[in-house]
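Visitor: Provided below for reference: sequence and predicted model.
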Amino acid sequence: ESQGSILVGHGLRYAKEAFVEKHSQPAPGQPFDNPALAAQRRRQAEELFEERAGETLNILTFGNAYAHYPDGPNYVHVSMHGDPVPNNGTRPDNHPEDAKTHYVIFDQLFPGKNNFENHNIAFLMELLHRTFELNDIPRGDLQAFFETAGKGELRAIARPDQVDWPDDMEKQTWDSKSDVKASLATYRAAHPS
């Protein structure tokens, strides 16, 4: 989540660069060659990284704050409308969804422009758990979630009024002025079923 997405993004970029550097060197005993051959080996090493990463790395972010993830891994970026943090990260408008990058963006629960409470992972997790249920994905089965999202087969994204919020959710808010019940009432008024 948030700062962690920055750390994993930097780590992935470093890992890709180290992999490409290692796998684009001339074979032992082979003389250093011209720039065109070196560039070709580098492209091949990048393709190899992307292939292997796509087979082994699934990255799930919450309130993503990083904008320059390397190609290769599979990404699902989870956030809520009204969360100001993804304004700095990978978003559908600056990195469109493709075969390896998917977005699950929930409706805004807490009213107000850029209300930081919409960045709260406690609320994102409840919405995500309900999304798993609505799509018949066992709770916590991230591999099935990645496969379903990756094929564009999520049937439903949970709305805040579809979640059975625990009674103690008020304790999960960051701002003591945040009121979950009032926020849900505002949401229901704006989104009549």
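Guide: Ah, there it is. If you're wondering where the values come from, they're calculated on a predicted model, not measured in any experiment. Residues are numbered from 1 along each chain as shown.
Visitor: please pull up the helix or strand immediately following the lowest-mean-pLDDT helix or strand in the chain.
Guide: When each helix and strand of the chain is scored by mean pLDDT, DSSP states H and E, helix 142-150 comes last, with a mean of 88. Following helix 142-150 in sequence order, the next helix or strand is helix 180-190 (DSSP states H and E).
Visitor: and the residue nearest the centre of the chain, what helix or strand is that in?
Guide: Residue closest to the mean C-alpha point of the chain, counted by CA atoms, centre = their mean, is residue 77 at 1.8 Å. Taking DSSP H and E as the criterion, residue 77 maps to strand 74-80.
Visitor: which strands or helices does that strand pack on?
Guide: Secondary structure elements in contact with strand 74-80, counted by 3 or more CB pairs under 8 Å, 6 or more residues apart in numbering; DSSP states H and E, are strand 58-62, strand 101-106, helix 121-134, helix 142-150. (Each C-beta comes from the backbone N, C-alpha and C, glycine too.)
Visitor: for it, the distance to its chain's centre please.
Guide: Relative to its chain's centre, strand 74-80 lies at 2 Å (CA atoms, centre = their mean, to the nearest Å).
Visitor: just want the angle from it to strand 101-106.
Guide: Inter-element angle recorded for strand 74-80 and strand 101-106: 20 degrees (by axes from the mean of the first three to the mean of the last three CA atoms, to 10 degrees).
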